[in-house]
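Visitor: Sequence and predicted structure below; questions after.
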There are 2 protein chains.
Amino acid sequence: MYLSKFIEDAVNELSKLPGVGKKTAFRYVLHLLDLPEQGITNLTNSIKSLKTNAKRCQTCNVINDMDTCSICQNPKRDIKKICIVENLKDLLAIEQTNQYFGLYHVLDGVISPLEGIGPSDLSIDLLEKRILDEAPMELIMALNPTIEGDTTIFYLTKKFSQPHIQISIISRGIAFGSELDYTDSLTLGRSIEARQPYQNMISN
Amino acid sequence: MYLSKFIEDAVNELSKLPGVGKKTAFRYVLHLLDLPEQGITNLTNSIKSLKTNAKRCQTCNVINDMDTCSICQNPKRDIKKICIVENLKDLLAIEQTNQYFGLYHVLDGVISPLEGIGPSDLSIDLLEKRILDEAPMELIMALNPTIEGDTTIFYLTKKFSQPHIQISIISRGIAFGSELDYTDSLTLGRSIEARQPYQNMISN
């Protein structure tokens, strides 16, 4: 089909990337064929380095270059708050808001009975140890608003419910810039249920 | 920004792929971090193999695994027809129609004064040698209908115009399934100019 087994192999490998079909993979291959030797080496080395050098932070479990990540090392962060996220992507999304200055804990997934992922597959033991060691005052649940996310929040809340720990959940509702008539009725219904006094909003 | 220099490097390298931005590249990186060692090795080896093993067919200049590609080697192909294409992608698009059984010649680009690509940058010398050696009866110009494509067709037609060689060009006009009122007026105007007797159409 491609006149070349090597092109076919590369197309097959590249089409395993998320959201990449054979046509896009072939486009990538044509680009790679045009690259100088050095460009190919840079690309393949950077891919290999990922696997070789990526480490988990021993404290918060995030993927980074060190045994303790730069967030956990930062003395300016509020160590009394731990924000619980599913993965690195969600952590970075929260970091980009520049609104949160506490620590994180990366679960590395959510509880999903359908996919056979239970609490023991997530970094919950590490979180438990942390809560004992660090005695945080607040656990912020920042998981995606899905059935799996909600199940995980329910599990963690039951497990870590203690009088001196406040457990909170990031607010859900209509996103800024969205329109009510295009919002799904579950979100809209919940946002009416969870309505807040307007005075609270403007005082924040 | 990514908590890891290695992730940042990989994002930068992957975002050099055509149509890939930082966000998509980061998505690829997260996928790669989840892959087992073997998956990474397969991917990087297949990318390296491309550069190491890709050869140009000595006859038609197409990228493939051998000195003579499978099309030029195929005794069933009509050696009296040479279809001139810009690159491998266009060649494969024509092959997939299952309507053409002659040979090809891959120019490896088109004449583009703006990008500083002249005739000497394309495999026109090889084509000239081929025309002398193989004495084809027809040259089919299958270049993209752009200014550069048309310039290249004009150049090749002047260069290879000989009484015993028919030079033809793939037909242009309204694509099947498209609508007249959405067709650009250049295409529509030309398709009226280039109208054909209906009897010719149904006899084909």
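Guide: That came through, no problem.

Visitor: Going by C-alpha atoms from here, please, whenever you check contacts or count neighbours.
Guide: Noted.

Visitor: So in chain A, which strand runs the longest?
Guide: The residue-count maximum for a strand in chain A (DSSP state E) belongs to strand A:78-85.

Visitor: so where is chain A shaky, pLDDT-wise?
Guide: Low-confidence segments of chain A (pLDDT under 70): A:200-204.

Visitor: how long is stretch A:2-21 end to end?
Guide: Taking CA to CA, to the nearest Å, the first and last residues of stretch A:2-21 lie 15 Å apart.

Visitor: quick revisit: beyond the longest strand of chain A, next helix or strand please.
Guide: Proceeding N to C from strand A:78-85, the next assigned helix or strand is helix A:88-97, under DSSP states H and E.

Visitor: List the buried residues in that next one.
Guide: A:88, A:90-91, A:94 (16 or more other CA atoms under 10 Å in any protein chain shown).

Visitor: Let's see that helix as PDB, backbone CA atoms only.
Guide: Extracted in PDB, the C-alpha atoms of helix A:88-97 (Å, rounded to 0.1, in the frame of the first residue of the first chain):
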ATOM      1  CA  LEU A  88      -0.400  15.500  35.500                       C
ATOM      2  CA  LYS A  89      -2.600  17.100  32.800                       C
ATOM      3  CA  ASP A  90      -5.200  18.100  35.300                       C
ATOM      4  CA  LEU A  91      -2.500  19.300  37.700                       C
ATOM      5  CA  LEU A  92      -1.000  21.500  35.000                       C
ATOM      6  CA  ALA A  93      -4.400  22.900  34.100                       C
ATOM      7  CA  ILE A  94      -4.900  24.000  37.700                       C
ATOM      8  CA  GLU A  95      -1.400  25.400  37.900                       C
ATOM      9  CA  GLN A  96      -2.100  27.500  34.900                       C
ATOM     10  CA  THR A  97      -5.000  29.300  36.600                       C
END
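
Visitor: hmm, who's touching it?
Guide: A:62-63, A:85, A:100, A:104, A:106, B:1-2 (CA atoms under 8 Å, 6 or more residues apart in numbering or on different chains).

Visitor: at 6 Å instead, please
Guide: Residues outside helix A:88-97 that contact it (CA atoms under 6 Å, 6 or more residues apart in numbering or on different chains): none are found.

Visitor: Just want the angle from that helix to strand A:78-85.
Guide: Between the axes of helix A:88-97 and strand A:78-85, defined by axes from the mean of the first three to the mean of the last three CA atoms, to 10 degrees, the angle is 130 degrees.

Visitor: re the thing from before, strand partners of the longest strand of chain A, parallel vs antiparallel please.
Guide: Partners of strand A:78-85 in the sheet, by DSSP bridges, are strand A:102-106 (parallel), strand A:138-141 (parallel).

Visitor: just to revisit the earlier point, how about the buried residues of helix A:88-97, which pair is most distant?
Guide: A:Leu88 and A:Ile94 (9.9 Å; CA to CA).

Visitor: Which positions in chain A make contact with chain B?
Guide: A:3-4, A:6, A:10, A:13, A:43-44, A:46-47, A:50, A:64-65 (CA under 6 Å from any CA of the partner chain).

Visitor: can you tell me which of those residues are in strands?
Guide: Per DSSP E, these map to strands at A:Asn64.

Visitor: Just the closest of the residues of chain A next to chain B to B:Lys80, please.
Guide: A:Leu3 (21.2 Å).
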